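sequence unknown, structure follows:
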C-alpha cells in the first residue's frame, strides 16, 4: 500500500533534524503547521526518541560553531 502519512511525517522530521538540528527543525515545523490537533501529544511523539544527552550534545556542538 506504500508509505503511510505517519511514516512520511516521521521521515520528514528526521531529515529536518539531520539538516537543521532539533531547535531549527522545530521552528520550521511551527512555521508550516496549521495549528490543529493536540500540540502536546504531537510533540511527545516527535521527541519520544530524543534524550537530554542528545539535546546537550547538540547545544555543545552549536556553541563550537
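On my side now, so go ahead. Since the structure is predicted, the reported quantities are computational estimates derived from the model, not experimental observations. Numbers count the residues shown, from 1 in each chain.

remind me which residues of the chain are low pLDDT?
Residue ranges of the chain with pLDDT under 70: 1, 33, 35.

need the longest helix for it.
Criterion DSSP state H: the longest helix present in the chain is helix 5-20.

now the residue nearest to the spatial centre of the chain. Nearest residue, chain neighbours left out?
Nearest to the geometric centre of the chain sits residue 13, at 4.9 Å (Cα atoms, centre = their mean). Spatial nearest neighbour of residue 13, excluding adjacent residues (Cβ to Cβ, 6 or more residues apart in numbering): residue 46 at 5.9 Å. Glycine gets a C-beta too; all of them are placed from N, C-alpha and C.

follow-up on the earlier one: and the angle for the helix or strand that comes right after the longest helix of the chain with helix 5-20?
Where DSSP states H and E defines the elements, the next helix or strand beyond helix 5-20 is helix 22-32. Counting by axes from the mean of the first three to the mean of the last three Cα atoms, to 10 degrees, helix 22-32 lies at 130 degrees to helix 5-20.

look up how far residue 37 lies from residue 54.
The span separating residue 54 from residue 37 equals 24 Å under the rule Cβ to Cβ, to the nearest Å.

neighbour count: the two, which is higher?
residue 54 (13 against 9; other Cβ atoms under 10 Å).

isn't the more buried one right next to residue 22, touching?
Yes - between residue 54 and residue 22 there is a contact under Cβ atoms under 8 Å: 7.5 Å.

how far off centre is the longest helix of the chain?
7 Å (Cα atoms, centre = their mean, to the nearest Å).

can you give me the buried ones in stretch 42-58?
Residues of stretch 42-58 classed as buried: residue 46 (neighbour count, 16 or more other Cβ atoms under 10 Å).

what about that stretch, start to end distance?
22 Å (Cα to Cα, to the nearest Å).

since that was my last question, I'll sign off now.
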